[in-house]
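[1] just a sequence and a predicted model for now, questions to come.
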Amino acid sequence: MKNNLVKFLTIAILATFLLSSFPFYSAVAATTRIYMTPQNSIYTIDTAGVGTKFNVTIWVENAPNVGGAQAYVEFNDTILRVTRWFEPRTDPQYIFNGRTTSALPSPPDPGYLHLGPNRGRVLISVSLFPPNPPYFTGNGKLCIFEFNITKVPTDPGKFKSALTINTGETFLLDGDTGNEVPGVVKTNGYYEISKPGPKYTLAITTTTGGTTNPIPGNYLYESGTPVSVSALPAVNYALDHWELDTVNAGSASPITVTMNANHDLHAVFVFSPPVGSRIFVDPPEIIDPHAIPCQTNFQINVSIDDIADMKTCEFNLTYDTNIISIIGLNFLRVNGQYPSLTLYADDPAGFIWVKLVYSTAITVSNPTPLVTLIFHVDNLGATPLDLTETQLEDSAGNPIPHDTYDGFFMAQIRDVAVTNVVPSRTWAYPGWPINVTVTVKNKGNISETFNVYAYYGTTVIGFTTVTALAPNEERDVLIPWDTTGVPEGNYTLKAVADTVPYEMNTADNTFIDGIVWIMTHIHDVAVVQVTLSDSWAFQGWIVKINVTAQNMGDFTESFDVMAYYNTTVIGTIHVPTLAPGSSYIAQFDLDTTSLPPCHTQTISGEATAVPYEFNLTNNALVDGGLKIRWLGDLDGDGRVDLRDVFRVGQAFGSYPGHPRWDPVCDINRDGKVDLRDVFAVYRNYGKGC
């Protein structure tokens, strides 16, 4: 007996050496699939009805060494029924064509079962019988299901159902091992039957002066479709109103027409030329970043447009004498005549009054200059050029109604802007600090210093001074927000830059963006305990690990609990709902087969952060550790020696309740100490840390 054991061990060791001396190589396998054709079975009541039957074929692709297969299909059994299934035995594409098989349940019974509201399933299996090679490899048909339509829509709409095969009940079995083929991709199918609603025509027309989008014409839409139509007026035209089925539908553009009947939509455009009679400064704006005080002059015209029968024109133009001064005036010929001129200028006071009287009343239909005013730049800055006290009279001395348009001059561009507001976090609990980053930009051409303020809602968070912001420079500034005492709510952030003198555009001094949610009720989950079924384990044992999570917040939470050895994830368990104050024990199995002996593994638990987590420091907890022993190191001294051999020998043949029962010697945990346990100790004899 002893010699036989020695021979056995010698053969085992030799086999182990040979296997370890010759490496194996494998090619990357193509993905194995299970799918159905057609993938989408789509009908209307014009092409199918109650009682219509259709087939769905289940296929396998890139199948490796298959000895058996199971197909499960779940569907809405209130609108469909599976009447039978086929094992396509004579089809050359059948995966077991020409072989003896066992098909369950026996065709045509599809194994239908009602699972619950709107849920039914069918379940079949086929396998080689007896399961002898060669097994199937490649592409082929598995089975065919015959569906029967049992219900169709009576009103416009659709009935639909997924044809679900992507479950654990659909699988392939390896012929050699009987194990499930791993990594199989299963693709679901889809069924639909619809009753289309009526279709209606939208007829779009327009008057002269514009078009529409979509362009005028007749369009067909299904019942209930909302159709948006925009008006596109031509130059000098405007949309006056829409007429929907001859009824005035207002002038909003676009207009939405719901197609619940045939509709006529008519766009009515009217002639709308620009505003008529006017007197104005031309050009209306002069911004000269290169103007040099005491060296630069500029000129403007005071002009008229769309004026009929004008005999007299009178105006007063005012300006800022700190910036410019008047140095000249030229009055111009209009309709071949010069006017008589009355002029009063008070440059220190900053105005010039002009009255023009024409011997023959004039009429103009285009912009026409009356006088040219010449100014000298005295200082950098900006000034309005305001036309006031304007009077236009016709040849009978009657006033001519008109519009007046002023001018503007700037010797440099001064314009600061806020271009962005970004909080460091989008939610917080009262007392948490938030940094508000405000981006400012100098759009002008001189360096600027100014204050910028941050707000939540209408409340000031704080401000900072932006110093010497160079032309075209963009800079981020930080404004800290202490949220202590801020009531719960969603707050919109705003940043405002002070207006600098003579600022050209103040609209961009304000920027509104970003919402911060301040919460007073907390979200908080924690891991409060990690326990192990064993403080040590033989390599290969399954160790039970319990991770206890607790909801320490005010809301019901959903989150994941993970267990780790060192930094490797043992498993993840989803906690769908955990009420405030409640605990959940997540149970994990750690397979120690791949863990090295003589090492202690740190065991820990972790709960994923829930949205708006108040305290992240309690989401993880570390246990003391798990020591891995050599298989056979019964006394845990780090080596397998005579002590261990003697101990397992003493316990040989024992079981729970037996006088010699020693649970440590039950290495494979099958409830008895036998040759399997003894051999495990013998095999590792002499190994140690």
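    The structure has been received and is ready for your questions.
[2] mind checking which helix or strand the residue in the chain sticking out farthest from the centre is in?
    The centre of the chain is farthest from one residue, residue 359, which by Cα atoms, centre = their mean lies 73.6 Å away. In the assignment (DSSP states H and E), residue 359 maps to strand 351-364.
[3] which parts of the very next helix or strand once past that strand are buried?
    Note on strand 351-364: by DSSP H and E, the next helix or strand toward the C-terminus is strand 368-377. Neighbour-count burial for strand 368-377, counted by 16 or more other Cβ atoms under 10 Å, picks out 368, 370, 371, 372, 373, 375, 376, 377. Where you see a C-beta, it was placed from the backbone N, CA and C, and this is true even at glycine.
[4] how close does residue 124 sit to residue 100?
    Residue 124 sits 17 Å away from residue 100, going by Cβ to Cβ, to the nearest Å.
[5] neighbour-wise, which of these two wins?
    Using other Cβ atoms under 10 Å as the criterion, residue 124 and residue 100 rank with residue 124 on top: 24 against 10.
[6] pull out the buried positions in the helix or strand harbouring the more buried one.
    Element membership for residue 124, per DSSP H and E: strand 119-128. For strand 119-128, burial by neighbour count (16+ other Cβ under 10 Å) applies to 120, 121, 122, 123, 124, 125, 126, 127, 128.
[7] what residues are bridge-paired with residue 362?
    residue 310 (DSSP bridges).
[8] domain parsing for the chain?
    Split into domains by automatic domain parsing, the chain comes to 33-195, 199-271, 278-410, 416-518, 525-629, 642-683.
[9] residue contacts, residue 165?
    Residues in contact with residue 165 (Cβ atoms under 8 Å, 6 or more residues apart in numbering) are 34, 35, 36, 58, 71, 72, 73, 74, 186, 187, 188, 189.
[10] let's see it at 6 Å
    If a contact means Cβ atoms under 6 Å, 6 or more residues apart in numbering, then residue 165 has 73, 186, 188 as its contacts.
[11] let me see the contact set for the last one.
    Contacts here follow Cβ under 6 Å, 6+ apart; on that basis residue 188 touches 162, 164, 165, 166.
[12] tell me the pLDDT at the third one?
    This means residue 165. On the pLDDT scale, residue 165 is placed at 96.
[13] roughly how far apart are it and residue 217?
    Per Cβ to Cβ, residue 165 is found 47 Å from residue 217.
[14] what do you get for residue 184?
    Using Cβ to Cβ, residue 184 is found at 53 Å from residue 217.
[15] before we move on, what about residue 93?
    For residue 93, the distance to residue 217 (Cβ to Cβ) stands at 51 Å.
[16] do the same with residue 345
    According to Cβ to Cβ, residue 345 and residue 217 sit 63 Å apart.
[17] look up phi and psi at the nearest residue to the residue farthest from the centre of the chain once chain neighbours are set aside.
    Closest residue in space to residue 359, ignoring its immediate chain neighbours: residue 337 at 6.1 Å, by Cβ to Cβ, 6 or more residues apart in numbering. Reported as degrees, to the nearest 10, the phi and psi values for residue 337 are phi -140, psi 150.
[18] one more: residue 651?
    Note on residue 651: backbone dihedrals following degrees, to the nearest 10 are phi -90, psi 0.
[19] residue 345 and residue 217: who's more crowded?
    residue 345 (13 against 10).
[20] low-scoring stretches of the stretch 101-250 of the chain, by residue?
    In the predicted model of the stretch 101-250 of the chain, residues 129-131, 178, 235-236 satisfy pLDDT under 70.
[21] adding pLDDT and distance to residue 113, write the buried residues of strand 368-377 out as JSON lines.
    Formatted as JSON lines, those follow (pLDDT from 0 to 100; distance: Cβ to Cβ, whole Å):
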{"residue": "368", "pLDDT": "94", "distance to residue 113": "92"}
{"residue": "370", "pLDDT": "97", "distance to residue 113": "96"}
{"residue": "371", "pLDDT": "97", "distance to residue 113": "98"}
{"residue": "372", "pLDDT": "97", "distance to residue 113": "97"}
{"residue": "373", "pLDDT": "96", "distance to residue 113": "96"}
{"residue": "375", "pLDDT": "96", "distance to residue 113": "95"}
{"residue": "376", "pLDDT": "95", "distance to residue 113": "98"}
{"residue": "377", "pLDDT": "94", "distance to residue 113": "93"}
